[in-house]
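Student: When you get a sec, could you give me coordinates for this:
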Amino acid sequence: QIHSCRNLFLFSVFLFIVKIFLSVSPLSQIRNFINKLERIAGSKKILIFGLILIGLGLSWIKISQYLSFNIHPDISYYDYALSNTLKGDFLLNWERKFFAGHFSPLVLLLLPFYLIHSGPVTLLVLQASAVCFSLVFLYKLSQHFLANSGVSLLITLGYLGSLYLMRGFYFDFHIEIFAPFLIFATFYYLVKQNELQYFIFLILFLAVKEDCGVYAVGLGLFIFFIIKNRKIGLATVILSLLWLFLALQILKSYNPDLENYLFVFRWDKYGNSFWSIVVGMLSHPFWVLQDFFRFSFFKLFFYFLFIPLFFPQTYWLYLLPLVVNLTSNEPQQFSFGIHYALPVIPFIYIAFILSLRKLSARMFFFREKLLYAIALLFFVFNFGHFRIFDINSHHKLGQKIISQIPPEVSVAAQVDLLSHIPVRKKVYM
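Tutor: So this is what the prediction gives:
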């Protein structure tokens, strides 16, 4: 059985609001709440302890999801590729070479963890760890730009429980879960003017998947035109385009029978190759606008209170990621379902923080009140999209039966059982 926490959270918010308005002095109650929040946010020990608890909690959620047979076969693509690499078969899974699907060299950095302990549980714990690292850098970014620990904590917690992050978090294991952490870290070191670490994290982000080369071009244009750091901006654009070209060439070498990129059909109304799609979009702007302003576009920005849309300077950050996904004909992609939002939403979070900074700068006398009002709304709109999984006797019996299958035999299995079967040479689904 799967339990959703969103309704419970909203009910708790409702009770909290009722308690405040039934009190003798509602304003003093709100002020006390903000003071407590700032004390928590101002204590490094509490924040570190809280981060550890979050990491343990997220790890247990993913492990319980796995043990209750709610993990689907995508995690096995990674599990088989990493396990077989350690055995001498470079990134080979039961179906094909790993890079025949996506160019995601970041996966190679997970190999040291597989030397310690191989299997799906390792990937699930790493997934929880990636979310925790993204929390750290989002909090640091918010603190840098807003200089308010309480507001930064609310934004970070809102992100933690947000719909789009949790969609990606619960969908098996995908390397894109590292994208938010790497984007936040890249931008953090940019504003801290640490060029070496900026480019290290930028390259790591590009290594997540081939389409990240397109997304990072927008970041480079933002740096060039808005931050006005011509050198870093131009270098980011050139590096991103070179990486994209390299990724497409490597993918082509793994798919010699295919004339174009494996997933090019998702944009087939614009063209049948990468460059023809670009030309098709430029020559058919009405089609692009029609695809761009889907319901999923407005739903996405609803969770950001539509604030980034009022600050055009931030468009550079998220315009290209949105165009790539919203013009796709794949429903899960253009609706930002499952893991597709993971490389996109961090750019919007950065835009949201930058927009808050500009908005609050215009409200000198009410700056703190405005920031807290927006941050509280943002937190309520986003937090609570968690699911908890029950592990019953049937799940335990199923795992016990599967564990008795000899490791050397070939297996025919339903896809939902695949991740529970230890890695072997032959699997039929």
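
Student: per-residue pLDDT, H3?
Tutor: pLDDT for H3: 78.

Student: what secondary structure does it sit in?
Tutor: Put simply, H3 is strand when judged by DSSP: H, G, I helix; E, B strand; the rest coil.

Student: burial count for it?
Tutor: 10 (other CB atoms under 10 Å). (Each C-beta comes from the backbone N, C-alpha and C, glycine too.)

Student: residues in contact with it?
Tutor: R387, I388, F389, D390 (CB atoms under 8 Å, 6 or more residues apart in numbering).

Student: Surely E195 is in contact with I232?
Tutor: Yes - at 6.8 Å, E195 counts as touching I232 under the criterion of CB atoms under 8 Å.

Student: coming back round to it: by neighbours, which of the contacts of H3 wins?
Tutor: Within the contacts of H3, most neighbours by other CB under 10 Å means F389, with 21 neighbours.

Student: For it, name its beta-bridge partners.
Tutor: I2 (DSSP bridges).

Student: Low-confidence ranges, this protein, go.
Tutor: The model of the chain has pLDDT under 70 over residues 1, 95, 426, 428-429.

Student: Give me the secondary structure label for the residue nearest the centre of it.
Tutor: Residue closest to the mean C-alpha point of the chain, counted by CA atoms, centre = their mean, is L342 at 2.7 Å. Of the three states, L342 takes coil according to three-state DSSP.

Student: dump the residue contacts of E176.
Tutor: G168, V208, K209, H339, Y340, L342, P343.

Student: Now distance to D74 too, for those, in a markdown table please.
Tutor: Putting the contacts of E176 into a markdown table (distance: CB to CB, whole Å) gives the following:
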| residue | distance to D74 |
| --- | --- |
| G168 | 12 |
| V208 | 15 |
| K209 | 14 |
| H339 | 9 |
| Y340 | 13 |
| L342 | 13 |
| P343 | 16 |
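
Student: neighbouring contacts of stretch 391-410?
Tutor: 1, 64, 67-69, 411, 417, 420-422, 424-428.

Student: Swap in 6 Å and give it another go.
Tutor: The contact list for stretch 391-410 (CB atoms under 6 Å, 6 or more residues apart in numbering) reads S64, L67, S68, F69, H420, P422, K426.

Student: of those residues, buried ones?
Tutor: Listed as buried from those are S64, L67, S68, F69, H420; burial here means 16 or more other CB atoms under 10 Å.

Student: neighbours of H394, just the number please.
Tutor: The burial count for H394: 10, using other CB under 10 Å.

Student: Please identify which helix or strand holds it.
Tutor: Following DSSP states H and E, one finds H394 within helix 393-403.

Student: and after that helix, which helix or strand comes next?
Tutor: Counting by DSSP H and E, what follows helix 393-403 is strand 411-412.

Student: Note down every partner strand of that next one and its orientation.
Tutor: Counting by DSSP bridges, strand 411-412 is paired with strand 427-428 (parallel).

Student: tell me, how many neighbours does the residue nearest to Y254 when sequence neighbours are not counted end up with?
Tutor: Using CB to CB, 6 or more residues apart in numbering and skipping residues adjacent in sequence, the residue nearest Y254 is A100, 4.1 Å away. Other residues near A100 come to 17 when the count uses other CB under 10 Å.

Student: measure A100 to H174 for me?
Tutor: 16 Å (CB to CB, to the nearest Å).

Student: Check P180 too.
Tutor: P180 is 12 Å from H174, where distance means CB to CB.

Student: cool, A207 as well?
Tutor: Counting by CB to CB, the separation of A207 from H174 is 14 Å.
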